[in-house]
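J.: 3D, please:
(one chain, ligands or ions: 1)
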Amino acid sequence: MAYIPYGFVQKQDDLFVDPKPAEVVQAIFHRYSNGDSLGGIVDFLFVQGIPSPTGQERWTRPAISKLLSNSKYIGYIISFEDYFAVQVDKGNRSNIDEDTNQRKATRYSSHNVLSGLLVCAECGAYYRRITRPSGEVVWRCANKVEHGKKGCKNEPSISETTIKEHICITLNIAGWDEEVIRSSIERILIRHDGSLEIDYKHEMRHILEY
Ligand SMILES: [Zn+2]
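T.: Below is the predicted model:
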């Protein structure tokens, strides 16, 4: 039998939301969004007497982390928006060591304005900047880069030039301007077909819609 994610129950061949565990999933997302740590959530569940999906008294931090990145919850238990907010938050917090609260050594250059903006619509991971031997710069889903098809089914690697052109046209600016990008774009979703969906910061949404 296929793996059934926590929060769902299988009847015949279909998955259904299991109300009680689904509430636990929502509580975990809610607590994380409100700044609780993975360890804090483990303690919370323990105090509430909520056993782990495998029936243990205590959940583990990796189990919580995995649950927070499970895209199966989108639309059924967690809204699209809340799910992606948590993925962005996870990305930011993964640079901070939870035990010491110190910044970890950064593994990837983060000074590029597009880092942390490009998000995979398939799995919610950030896109990563890759320089090909030819010198061409492309962006690919980090899950895809690290785990191949198992990590993410999303195919597109998109050239940086294409991304920049698309943004300039959409924002109606003559040239690439990091300050404008930084102040106006919240995140950019990259879809299966390589199309981009730009999510503007609140202030900008207002300006662009009128
Ligand atoms: Zn992906």
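
J.: Tell me which residue is most central in this structure.
T.: Among the residues of the chain, residue 87 comes closest to the average C-alpha position under Cα atoms, centre = their mean, at 2.8 Å.

J.: so it is in which element?
T.: Assigned by DSSP states H and E, residue 87 belongs to helix 80-93.

J.: Which residue ranges of this structure form strands?
T.: For the chain, the strands defined by DSSP state E cover 8-11, 14-17, 118-120, 127-131, 137-141, 158-159, 185-190, 196-200.

J.: how does this structure divide into domains?
T.: 8-93, 118-209 (automatic domain parsing).

J.: quick one: is the longest one near the ion?
T.: Yes: using Cβ under 5 Å from the ion, domain 118-209 comes into contact with the ion via 120, 122, 123, 125, 141, 143, 152, 154. The C-beta positions use only the backbone N, C-alpha and C, and glycine is treated the same way.

J.: try the first one
T.: No: counting by Cβ under 5 Å from the ion, the ion is not contacted by domain 8-93; separation bottoms out at 9.2 Å.

J.: So what's the gap between that domain and the chain middle?
T.: 14 Å (Cα atoms, centre = their mean, to the nearest Å).

J.: Same question for the longest one.
T.: When C-alpha coordinates are averaged (Cα atoms, centre = their mean), domain 118-209 and its chain have centres 13 Å apart.

J.: re earlier: now tabulate the domains of the chain in JSON lines and tack on distance to residue 112 and mean pLDDT.
T.: As requested, the domains of the chain are exported to JSON lines (distance: least, Cβ to Cβ, whole Å; pLDDT from 0 to 100):
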{"stretch": "domain 8-93", "distance to residue 112": "14", "mean pLDDT": "91"}
{"stretch": "domain 118-209", "distance to residue 112": "6", "mean pLDDT": "84"}
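
J.: Understood, closing this out.
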